[in-house]
Structure formats: C-alpha cells, structure tokens
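> Build me a model from this:
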Amino acid sequence: MTAAPPESLKPTGEGQVSVRPEVGAAEVAKTRRSVLVTVVVWVIAVAASGPLVLPALVPTPDEYFVTALLLALTAQAVIGVLVGALASSVARRWAAALVCVSAAMLGLGRVAGVPRAEAAPAGSSAERVVRVLTMNVRPQNSIGPEMGAILREFDPDVAFFVEPNWETVELLRADSSVRERWPHAHVPDRAGPGFAVILSKHEQWAGWPRRPNPGRALVGGRLRLAEIRGAFGTFVFGGTFPESPKSPERWARGQERLRDAIEKVRAFAAKVEEEDGAPPVIVIAGDMNDTPTGARRRMLERALDLVETKPLWGGAGTWPSALPWPMSVSIDAVLVSRGVRVREWRTVPIPGSDHHGVYVELVLPEPGGE
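Numbering: from 1, shown residues only. Just a heads-up that it's a prediction; the model follows:
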C-alpha cells in the first residue's frame, strides 16, 4: 500500500508538485541570515586587519601621514583584530578568523620588535642611578603649587617640562627651595607653546671649550640640549616636543624638526666624545607625539641607537590622561642609549593637564662597560 504524500507536497492537477510557501520562506530566510552574517564578519575582519596590514604593504610607511598614524596605533589595532577573530570564530567563519589571527600576529611582532632597555638587577649601584621626570603641563594649565609638590615627591635629578605657562615659569624662578634643590636650570624668559624648562641638580654644560652653563641649554627648534655631569658620570640630555600630528602639515613639520634635532644631538654627542674619548650615554625625553611603534620614535631609535624605557607589559598610556589604556596612548617618553638599564618606570598624574608625565630611574653603565 502506497503511503500518502506529505501535506507540503500536493499535486496541481496537471502532474505538477508545488512546495508550500511557508517552507520555502524559512529556507530563504535562513540563507539570507547566513549571507548577512558572512558579510558582516568579513567587513569586521577586513576593517580590523587593514590598519595592521596596510603599513606592511607600503615600502616606506614612515614617510606617509596615514600609514605613520596606523603604525602608532598598532597596539590598539591588535586588540581590535583579536575581537574580530573572536567574532569570526563564534560565527564559524574560519577563513575570516584566520585573516584576523594572521593580522594580529603581524601587529604583535611589530610591538615585540620595539627595542627596550633591560630591567636593572636587584642591588644595582645607587651611585649610577639617574632619576628623570618629563611632563607636558600645557600652557592653559595653572599648576604652580602642584608643580612644587610633584618635584618634591619624585625628587628627579633632571626634570623636563614642556609648554609651561607663565605662572609655572614664575614659580620656578621665585621658589627658593626649587632653586636650591635644582640649582642648574634652563628656565626660559617666556612661556607657552614652543617653550620648555630643564631643571638639574647637576652641572649642565652646553658649550665649547667646555664650561659650566647653569642658566642655559643649547636651544634649536623644539629641542633643548645639555651635557649633565654628576657623581654617576656624564650623559647627553635632550628634551624634545615635535608638533602633534593633528594634520598632514603639522605631522610633516614635526618630522622635519625631529630630523633636525637628530643632527643636532649627533653633533653635540660627537663633541662630548671628542672631549672624553668615549661615546656618551644619550637620554632623550619629552612629548614625542608618537607611540613606541610609531614612525617618530623608531626614527629616533634607529638614528641615535636608542631604546625605550617603557616596559612591554604593565606600562599605562599618557594621553589622554582621563582615559584608561588601551584608549590612551604612550606619547610621553624617555629613550636611552643601549646599555642603560631601568630600575623604575611609572606615569605621573598632572593636575589640569590631559597628559600624564613619565618618571624613570635609570642605571647608567659603568665607564667602558656595556
């Protein structure tokens, strides 16, 4: 006995079989959802992977505004692409997940490839320790009393303040405790954008024939240069703050200033080496307006053989200070010559500023040592 056909299949009277509309609609809707999910997943995968892949496809990414910005945001892009990989895996779109994971590996390799100073071993000689503090205090920021408190708390050997306002400059000139603690200082006659302060407990030398120069540092563009001499030895200190990349024009101007600063540091260090018979340790601090993976920082590191003091893990961002990492980026920094070790690295809250400062304790190498 032949079984009756299912309700979904009925003869039309002409030998034809029709499909019930509701069954066909369900299949079509399922297919549409699958296509939509695939499209969304691939859009996420491409959008997340692009910032990491595009700089790798450009022969000289450091020379272009867009790719330089993408390089600076590598760490944030890695987080985004890992989210894309997770979304692709949940949706079981394995090809998209593979693209995201490959891009993440590219970005992680870029982050891990940043040269960093070694941590100082326990029991390092205190005689070779140098404390450096750098802060962007912003010209609109009234930080007079707080500045003195920050200085006394961290008690740096060398402090570099970018773009102080007039109140801050006046405080540094008038506060007798500041003058006594940091007698060797470069404090400008004016304040605001383009100006900076160097405070030092130790003699600053900035001319040849070599002579103590407690009131000045060599000034050029957005660069301050001095040789610092103390019980720990000697090092060349450079404070710099190239323009922020708010537009292609400002970015290009900042790049040009940084190239000029590199040449000035090289010439200054060559003079010190000529006098001392050995290459000096170099310490560069300031608001770089760039991150450890960015074009400016890598250009500085390659040109002057410098390394980052910021640790790979555990270091917070410095701008904007109101946001936590990874929504903030580390654009304030201290870079040092190879062989210098880091005993401590930390950010410093600055009342009223959208930047955090950076405080580091450096252990200089023994003379003639690595």
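
> Now do the strands in the stretch 51-200 of the chain.
129-136, 158-162, 184-186, 196-200 (DSSP state E, counting those that start in this stretch).

> Hmm, I typed the wrong one, I wanted the stretch 201-350 of the chain.
With DSSP E, counting those that start in this stretch as the criterion, the stretch 201-350 of the chain has strands spanning 203-205, 218-220, 223-230, 233-240, 281-287, 306-308, 332-337, 341-349.

> Of those, which is nearest residue 114?
strand 306-308 (5.8 Å; CB to CB). (C-beta placed from N, C-alpha, C; glycine too.)

> The closest one packs against which elements?
On a contact count with 3 or more CB pairs under 8 Å, 6 or more residues apart in numbering; DSSP states H and E, strand 306-308 meets helix 295-304, strand 332-337.

> Which residues does that strand contact?
114-117, 282, 284, 292, 297, 300-301, 333, 335-338, 340 (CB atoms under 8 Å, 6 or more residues apart in numbering).

> try 7 Å this time
114-117, 282, 284, 292, 300-301, 335-338 (CB atoms under 7 Å, 6 or more residues apart in numbering).

> And stretch 43-55, by the same measure?
Residues contacting stretch 43-55 (CB under 7 Å, 6+ apart): 61, 67, 70-71, 73-74, 77, 80-81, 83-84, 87-88, 96, 99-100, 103, 106-107.

> And the closest residue to residue 305 other than its chain neighbours, how far from residue 317?
Nearest residue to residue 305, sequence neighbours excluded (CB to CB, 6 or more residues apart in numbering): residue 338, at 6.0 Å. For residue 338, the distance to residue 317 equals 25 Å [CB to CB, to the nearest Å].

> More neighbours: these two, which one.
Legend: neighbour count by other CB atoms under 10 Å for residue 338 and residue 317, higher for residue 317 (22 against 15).

> residues contacting that one?
Contacts of residue 317 by CB under 7 Å, 6+ apart are 325, 328, 329, 330.

> So among the residues you listed, which ones count as buried?
With burial judged by 16 or more other CB atoms under 10 Å, the buried subset of these is 328, 329, 330.

> what's the spacing between the last one and residue 310?
When you say that, I think you mean residue 330. Taking CB to CB, one finds residue 330 at 6 Å from residue 310.

> Quick check: neighbours shared by those two?
residue 292.

> count of neighbours near residue 299?
Residue 299: 17 neighbours (other CB under 10 Å).

> show me the contacts for it.
Residue 299 touches 62, 258, counting by CB under 7 Å, 6+ apart.

> And it, how close does it get to residue 161?
24 Å.

> repeat for residue 179
15 Å.

> one step back: could you export the contacts of strand 306-308 as CSV, including distance to residue 345 and pLDDT?
As requested, the contacts of strand 306-308 are arranged in CSV below (distance: CB to CB, whole Å; pLDDT from 0 to 100):
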residue, distance to residue 345, pLDDT
114, 14, 95
115, 15, 96
116, 10, 96
117, 9, 96
282, 18, 97
284, 15, 97
292, 12, 95
300, 18, 93
301, 16, 95
335, 12, 98
336, 11, 98
337, 16, 97
338, 17, 96
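
> Can you turn the buried part of the residues you listed into a PyMOL selection?
Selection of buried members from these for PyMOL, criterion 16+ other CB under 10 Å:
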select buried, resi 114+117+282+284+292+300+301+335+336+337
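
> For the contacts of strand 306-308, give me TSV that also has distance to residue 192.
Formatted as TSV, the contacts of strand 306-308 follow (distance: CB to CB, whole Å):
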residue	distance to residue 192
114	33
115	34
116	34
117	33
282	28
284	23
292	28
300	25
301	30
335	25
336	29
337	32
338	36
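
> Give me the spatial nearest neighbour of residue 107, chain neighbours excluded.
Nearest non-adjacent residue to residue 107 (CB to CB, 6+ apart): residue 78, at 3.9 Å.

> quick one on the thing from earlier: make CSV from the contacts of residue 317 and add distance to residue 192 and pLDDT to it.
Putting these into CSV (distance: CB to CB, whole Å; pLDDT from 0 to 100) gives the following:
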residue, distance to residue 192, pLDDT
325, 30, 81
328, 25, 92
329, 24, 94
330, 25, 95
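
> For the longest helix anywhere in the chain, what is the distance to the chain centroid?
Secondary structure of the chain read by DSSP state H shows that its longest helix is helix 21-57. How far helix 21-57 lies from its chain's middle: 34 Å, per CA atoms, centre = their mean, to the nearest Å.

> Kindly report the same for stretch 338-345.
17 Å.

> buried stuff in that stretch?
339, 340, 341, 342, 343, 345.

> In CSV, could you pull the C-alpha coordinates for it?
Output of stretch 338-345 as CSV, limited to C-alpha atoms (Å, rounded to 0.1, in the frame of the first residue of the first chain):
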residue,chain,number,x,y,z
ARG,A,338,71.7,50.8,24.8
GLY,A,339,73.4,49.6,28.0
VAL,A,340,71.3,51.8,30.2
ARG,A,341,69.0,49.8,32.5
VAL,A,342,65.7,50.8,34.0
ARG,A,343,65.0,50.4,37.7
GLU,A,344,61.6,52.0,37.7
TRP,A,345,59.1,53.4,35.1
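
> Low-confidence stretches in this protein?
When residues are selected by pLDDT under 70, those of the chain lie in 1-23, 139-144, 207-221, 368-370.

> Geometric centre of it: which residue is closest?
residue 291 (2.1 Å; CA atoms, centre = their mean).

> Quick check: phi and psi at that one.
phi -100, psi 170 (degrees, to the nearest 10).

> Tell me which residues touch it, please.
72, 297, 329, 330, 331.

> Which members of those are the farthest-apart pair?
297 and 329 (11.4 Å).

> contacting residues for residue 127?
Neighbours of residue 127 in contact, by CB under 7 Å, 6+ apart: 231, 232.
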